[in-house]
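Chemist: Everything below, folded, please.
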Amino acid sequence: MKVYLVGGAVRDCLLGLPAGDRDYVVVGETPESMLAAGFKPVGKDFPVFLHPDTGEEYALARTERKSGRGYRGFVVDADPSVSLEDDLGRRDFTINAIARDESDGRLVDPYGGARDLQARVLRHVGPAFVEDPLRVLRAARFMARFQPHGFTVAAETMALMRQMAESGELSALVAERVWQELRRALTCAAPAAFVRTLHDAGALAAVLPEVEALYGVPQRPEYHPEVDTGVHTEMVLAQAAKLAPGDDLIGFAALTHDLGKALTPAELLPRHHKHEQAGLEPLAALCARLKVPTEHRLLAEAVCREHLIVHRFDELRPRSVYELIARCDGFRNPKRIEQMTLACEADKRGRLGLEDTHYPQGAALREALRAALSVRAGDLAPGLSGPAVGEAMRRARIEAIAVVIKAAKDSAGP
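Modeler: Predicted structure coming up:
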């Protein structure tokens, strides 16, 4: 049995990065011979097997032929005559089309993937790249992961991505796959590169039109020296990745916090009065279309609706702070307040020249929540029942918040 390690494990090894899952290609075998060797079949669309001892995936070498619209419109050929080079030739990028012979460690690199790794270039393998619209999103996600390592998209690959966007082929992508790629990109070190790559390819309008609409929308330069709302969104994503690495919940809230600015009437620009409330409608549309998980949606709604209020925390009265926490369900879900403050801090820092801005509002809101949660039913006056208990708890929590706010103001001095 001729076995080769392929794909990401080889790529990451050559880059000196920790390798993830190990995938193998088997050449010259059939489903019957794999079963006879004790492998367990798991593939539905093409022959994939699990190793009887390690549980790792072994796929028969295969080719693919376009047969319909979308990323599923392919006919797979896994005949024993399919060579390793044929199998590598169907892959998306040259850096993923490198194999290592498991018998002697020799690299098989017919498409120059090692050279592109050295040059830090993301380049498509061949013209069949255009047959799978999901590859546009994968290119953007790889940039979200590898841009910090100096990677750029090859000019000819970007040209093909633009061609695919113009063809309308991206409309065939199902919501679950779009969300899957977006969510994975939001866990990467440079999620802003995902958005920028799609924008540059003319593909962002097809998958995230609510975000694409932010580009070219001006903001007041005294608050946003970067001016362009799309650029601001990228900067907020970058800050979110620094403040909460790998957290796709906070990343999604950062991505969608300013969607309402795209709806500001032209005559009001560059001001964006009540853009927080205006953003809830496009956010709801985006979440419904991509079937975004409830937890992501609820945090994004809270950040969209409340981020300006959090920025003005030092102007709030204790009762307003209590109501802010209650609106965000923070008493039952304190973690949401923590996540919201980090997304708001990313918003404040995601501005040109303000990346290192101090953000005491976040710590102040978290401390106010801690104080409010420290109030227990046993602290209340005895003999209360029914609604009176809830009202007494509310008043006690507001008083606890007031103590925190007063202490913060006293420590700040005149």
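Chemist: Name the residues of the helix or strand harbouring Met34 that come out as buried.
Modeler: Using DSSP states H and E, Met34 falls within helix 31-36. Going by neighbour count (16 or more other C-beta atoms under 10 Å), the buried part of helix 31-36 is Met34. The way it works is simple: take the backbone N, C-alpha and C, and place the C-beta from them, glycine included.
Chemist: Off-centre distance for stretch 186-193?
Modeler: Once both centres are worked out by C-alpha atoms, centre = their mean, to the nearest Å, stretch 186-193 turns out to sit 6 Å from its chain's centre.
Chemist: start at 550 instead
Modeler: That works, and once the first residue is 550, the last one we named lands at stretch 735-742.
Chemist: Now do the end-to-end distance for that stretch.
Modeler: Start-to-end span of stretch 735-742 (C-alpha to C-alpha, to the nearest Å) is 10 Å.
Chemist: mind listing the strands for the stretch 650-799 of the chain?
Modeler: Here the stretch 650-799 of the chain has its strands, by DSSP state E, counting those that start in this stretch, at 656-657, 670-671, 701-702.
Chemist: between these, which gets nearest to Ile954?
Modeler: Of all these, it is strand 701-702 that lies closest to Ile954, at 48.6 Å by C-beta to C-beta.
Chemist: for the closest one, packing partners?
Modeler: Applying 3 or more C-beta pairs under 8 Å, 6 or more residues apart in numbering; DSSP states H and E, we find strand 701-702 packed against strand 670-671.
Chemist: What strands line up against the strand it packs on, and which way round?
Modeler: Strand 670-671 pairs in its sheet with strand 701-702 (parallel), by DSSP bridges.
Chemist: Just the mean pLDDT for the partner strand, thanks.
Modeler: Taken as a whole, strand 701-702 has an average pLDDT of 98.
Chemist: Residues touching that strand, excluding its own?
Modeler: Here strand 701-702 makes contact (C-beta atoms under 8 Å, 6 or more residues apart in numbering) with Arg669, Val670, Leu671, Ala688, Met692, Met710, Thr746.
Chemist: Out of the residues you listed, which two are the most distant from each other?
Modeler: Arg669 and Met710 (18.0 Å).
Chemist: Settle it for me: which of these two has more neighbours?
Modeler: Counted by other C-beta atoms under 10 Å, Arg669 and Met710 do not tie: Met710 has more neighbours, with 27 against 14.
Chemist: wait, that one sits on Leu686?
Modeler: No: counting by C-beta atoms under 8 Å, Met710 sits too far from Leu686 to count as a contact (9.8 Å).
Chemist: Give the residues shared as contacts by the two.
Modeler: Listed as contacting both Met710 and Leu686 by C-beta under 8 Å, 6+ apart are Ala752.
Chemist: Out of the strands of the stretch 650-799 of the chain, indicate the one that is most buried.
Modeler: strand 670-671 (a mean of 22; mean count of other C-beta atoms under 10 Å).
Chemist: model confidence over that one, on average?
Modeler: 98.
Chemist: Measure how far it is from the centre of its chain, please.
Modeler: That offset, for strand 670-671, works out to 21 Å (C-alpha atoms, centre = their mean).
Chemist: Same question for stretch 598-605.
Modeler: Computed by C-alpha atoms, centre = their mean, the separation of stretch 598-605 from the middle of its chain amounts to 31 Å.
Chemist: Tell me the pLDDT of the nearest residue to Ala734 once chain neighbours are set aside.
Modeler: Using C-beta to C-beta, 6 or more residues apart in numbering and skipping residues adjacent in sequence, the residue nearest Ala734 is Phe743, 3.7 Å away. What the model reports as pLDDT for Phe743 is 98.
Chemist: now Phe743: how far from Val552?
Modeler: 34 Å (C-beta to C-beta, to the nearest Å).
Chemist: Ala610 too?
Modeler: 11 Å.
Chemist: list the residues that contact both of the two?
Modeler: Common neighbours of Ala610 and Val552, using C-beta under 8 Å, 6+ apart, are Val574, Val575, Val576.
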